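Novice: Next comes the sequence, and after it the predicted model I'd like to discuss.
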2 protein chains.
Amino acid sequence: MGDDAAVLAGGLLFCTDVLTEGVHFDLRWSTPADVGWKALAVNLSDVAAMGGMPRAAVCGVVLGAGRKGEADELAAGLMAAALELGCPLVGGDTVVGAALTVTVAVIGDSPDGGAVLRSGARPGDSIFVTGPLGGSRAALGALRRGEAADPVALARLQRPVPRVVEGRMAAGAGASAMIDLSDGLSSDLAHICRASGVGARLEASAVPLGPGAGVEDALSGGDDYELCFTAADPERVAEAFAAAGLHLPAPIGTVIPGDEVFLSTPRGGTWPLAPSGWEHTVA
Amino acid sequence: MGDDAAVLAGGLLFCTDVLTEGVHFDLRWSTPADVGWKALAVNLSDVAAMGGMPRAAVCGVVLGAGRKGEADELAAGLMAAALELGCPLVGGDTVVGAALTVTVAVIGDSPDGGAVLRSGARPGDSIFVTGPLGGSRAALGALRRGEAADPVALARLQRPVPRVVEGRMAAGAGASAMIDLSDGLSSDLAHICRASGVGARLEASAVPLGPGAGVEDALSGGDDYELCFTAADPERVAEAFAAAGLHLPAPIGTVIPGDEVFLSTPRGGTWPLAPSGWEHTVA
């Protein structure tokens, strides 16, 4: 408990995430197929955050009453994700109820060196993120204002691609702690700090920004599904990712003693950063 | 797909079941704690129907808006089932949404001889059930009429006990096909017949009846969570269960060639039995 996935005897990973209408998605902006895709993707992201490899998924679906027609589209999105993200869907259960709800559970295998937990960060470790942040929040903001959203950011919001390869690579390169950025950097990094008994200092100018996103989007916006990890040897991380032809993860700060997260700004100020969670009113 | 649980490489079993308010339970007759218990129990019943041994469960919960207070009671029922039924709950996700919905996923291990599928029944096999049927339907009928329900039957409806030990014993005694009776004998036996490419002849007088139940309850009532299995050697089955000190499963009929299920009545008539499914408007 407390990590993105449970680690069972033998290293088997096991996790579940629920997506429900009006909380995690809005059918004005996402199709039922998008919802199906995302329901699997967010679970694979949990396995990725352990450095693991997904093995199989099952899916429980509640269809809204009078809306059975969404079943085929939802299934198509689930199957597309299963194929493209490489995790077979092996079973499921579908009922008709009050609101569209999709609950996926995934099992996976730990990396050879053991699953990467949230609790292993140590003072002096470098903090990395695997890609640009805040794009989902910026896209959602645009949609809510009735404006056009950046298409790349919108695609990421509707059909996130879990960073499975990057998670395995980070594990192999000695990641000491890892989490997926589903709630937002400030709150998810706070989870690592709490679990590890450490603090952190972030360099605001080093945080990579998604399309249309500002620093505030990157810090408190959720739904990006990049990974945040800590590692004692930043050169080893860079070499491993480069050798595999992957985008280099961005070093965004350092683990420090204590229990607070500080944000250093380009103008030289350093401020305590409160975990401002993802509000869960999403595409 | 098509069995109670998926069988993965290495014999790992994986399944999921959704319980949602107004479809699978009615909070007039079941407490949130009962719902939590049942959500785990029905998944363990799926593993039992493969002859398997549950290893771990995860749970996704949607709480009804304005009813967060049900969370603690639901969790208590889940934890009670996890402890008493011997399957640790290792992770979960809880959100607030439209209606109380509990989706559990369970992994388990196949028996040594491999998981028992629905597709292995052969003409000449005996058909068994592990216990009395129809009690849940009878209890529910009483509740709906505003009458008192039999307390044993009501307990079974609210807090079913999956037949894990019996399922393993049946697998060890050579069960050729198995299913759990969640929808009702007539429809669940039809699933075995369809998957196996066989028919069946049931002896109405041999079907054991739960408290307050008639034959019609036993044939078409769901939610009993006993197991139905077929086996070529009925004496081996009886000896194995007796040696383990378990209640003997009741032989209720025979697998026959063809694709129809017939019901023989005590007065000598034999009638085709249509699969009359469980209506899913339950306690």
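Specialist: Now that the structure is in, tell me what you want to look at. Numbers count the residues shown, from 1 in each chain, chains lettered A, B, ... in the order given.

Novice: can we go C-alpha only for contacts and neighbour counts from here?
Specialist: Noted.

Novice: could you point out where the stretch 1-150 of chain A is predicted with low confidence?
Specialist: A:1 (pLDDT under 70).

Novice: So which bits of it are right by chain B?
Specialist: A:1, A:5-6, A:14-18, A:20-23, A:58-62, A:90-99, A:103, A:105 (Cα under 8 Å from any Cα of the partner chain).

Novice: Quickly note the distance from residue A:84 to residue A:111.
Specialist: Separation of residue A:84 from residue A:111 (Cα to Cα, to the nearest Å) stands at 21 Å.

Novice: Looking at the two, which one has more neighbours?
Specialist: residue A:111 (19 against 12; other Cα atoms under 10 Å in any protein chain shown).

Novice: ok, back up a step: what's the ChimeraX line that selects buried ones from the residues of the stretch 1-150 of chain A next to chain B?
Specialist: Buried subset of these, written as a ChimeraX selection, criterion 16 or more other Cα atoms under 10 Å in any protein chain shown:
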select /A:5,6,14,15,16,17,18,20,21,22,23,58,59,60,61,62,90,91,92,93,94,95,96,97,98,99,103,105
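
Novice: now, which of the residues of the stretch 1-150 of chain A next to chain B lie within strands?
Specialist: Per DSSP state E, strands hold the following members of these: A:6, A:14-18, A:20, A:58-62, A:90-97, A:103, A:105.

Novice: Centre-most residue in chain A?
Specialist: Nearest to the geometric centre of chain A sits residue A:225, at 2.7 Å (Cα atoms, centre = their mean).

Novice: now that one: how far from residue A:90?
Specialist: 24 Å.

Novice: What of residue A:275?
Specialist: When residue A:275 is compared with residue A:90 (using Cα to Cα), they lie 37 Å apart.

Novice: same thing with residue A:46?
Specialist: For residue A:46 relative to residue A:90 (Cα to Cα), the value is 18 Å.

Novice: And residue A:261, by the same measure?
Specialist: Computed with Cα to Cα, the distance linking residue A:261 and residue A:90 is 41 Å.

Novice: Check residue A:47 too.
Specialist: For residue A:47, the distance to residue A:90 - Cα to Cα - is 17 Å.

Novice: My guess is residue A:182 contacts residue A:218. True?
Specialist: No. The pair residue A:182 / residue A:218 is not scored as a contact, 11.6 Å apart, by Cα atoms under 8 Å.

Novice: Those two - which one has more neighbours?
Specialist: Taking other Cα under 10 Å, residue A:182 and residue A:218 do not tie; residue A:218 has more neighbours (25 against 20).

Novice: gap between the host helix or strand of that one and the chain center?
Specialist: Per DSSP states H and E: residue A:218 is located in helix A:215-220. Distance of helix A:215-220 from the chain centroid (Cα atoms, centre = their mean, to the nearest Å) equals 15 Å.

Novice: same thing with stretch A:117-137?
Specialist: Using Cα atoms, centre = their mean, the offset of stretch A:117-137 from its chain centre is 11 Å.

Novice: Can you tell me what sits against stretch A:253-273?
Specialist: With Cα atoms under 8 Å, 6 or more residues apart in numbering or on different chains as the test, stretch A:253-273 has contacts from A:121-128, A:186, A:190, A:193-194, A:197-206, A:230, A:274.

Novice: That stretch: end-to-end distance?
Specialist: OK, stretch A:253-273 end separation, Cα to Cα: 13 Å.

Novice: Determine how far it lies from the middle of the whole chain.
Specialist: 22 Å.

Novice: Grab the nearest non-local neighbour of residue A:256.
Specialist: With sequence-adjacent residues excluded and distances taken as Cα to Cα, 6 or more residues apart in numbering or on different chains, residue A:256 is closest to residue A:123, at 4.4 Å.

Novice: Does that neighbour belong to a helix, a strand or coil?
Specialist: Residue A:123 falls in the coil class when you classify it by DSSP: H, G, I helix; E, B strand; the rest coil.

Novice: what residues are up against it?
Specialist: So residue A:123 contacts A:198, A:199, A:254, A:255, A:256, A:257 (Cα under 8 Å, 6+ apart).

Novice: What's the ChimeraX syntax to select whichever of those are buried?
Specialist: The following ChimeraX line selects those of those that are buried, judged by 16+ other Cα under 10 Å:
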select /A:198,199,254,255,256
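
Novice: Quick one: the strands in chain A, in order.
Specialist: A:6-7, A:12-20, A:53-64, A:89-97, A:101-109, A:126-129, A:175-180, A:199-203, A:227-231, A:250-256, A:261-264, A:270-272.

Novice: Quick one: list the elements packing against the second one.
Specialist: What that stands for is strand A:12-20. Under the contact criterion of 3 or more Cα pairs under 8 Å, 6 or more residues apart in numbering or on different chains; DSSP states H and E, strand A:12-20 touches strand A:6-7, helix A:32-48, strand A:101-109, strand B:53-64, strand B:89-97.

Novice: Compare the ones you listed and give me the one nearest residue A:164.
Specialist: Ranking the helices and strands packed on strand A:12-20 by their distance to residue A:164 (criterion: Cα to Cα) puts helix A:32-48 first, at 4.5 Å.

Novice: Next, the angle from that closest one to strand A:101-109.
Specialist: 30 degrees (axes from the mean of the first three to the mean of the last three Cα atoms, to 10 degrees).

Novice: Let's see helix A:32-48 as CSV, backbone CA atoms only.
Specialist: The C-alpha trace of helix A:32-48 is given here as CSV (Å, rounded to 0.1, in the frame of the first residue of the first chain):
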residue,chain,number,x,y,z
PRO,A,32,-16.1,6.7,-24.8
ALA,A,33,-13.2,5.2,-26.9
ASP,A,34,-10.8,7.8,-25.3
VAL,A,35,-12.1,6.8,-21.8
GLY,A,36,-11.4,3.1,-22.6
TRP,A,37,-7.9,3.9,-23.7
LYS,A,38,-7.2,6.1,-20.7
ALA,A,39,-8.6,3.6,-18.2
LEU,A,40,-6.0,1.1,-19.3
ALA,A,41,-3.2,3.7,-19.8
VAL,A,42,-3.4,5.1,-16.3
ASN,A,43,-3.0,1.6,-14.8
LEU,A,44,0.0,0.9,-17.1
SER,A,45,1.4,4.2,-15.8
ASP,A,46,1.2,2.8,-12.3
VAL,A,47,3.2,-0.3,-13.3
ALA,A,48,5.7,1.9,-15.2
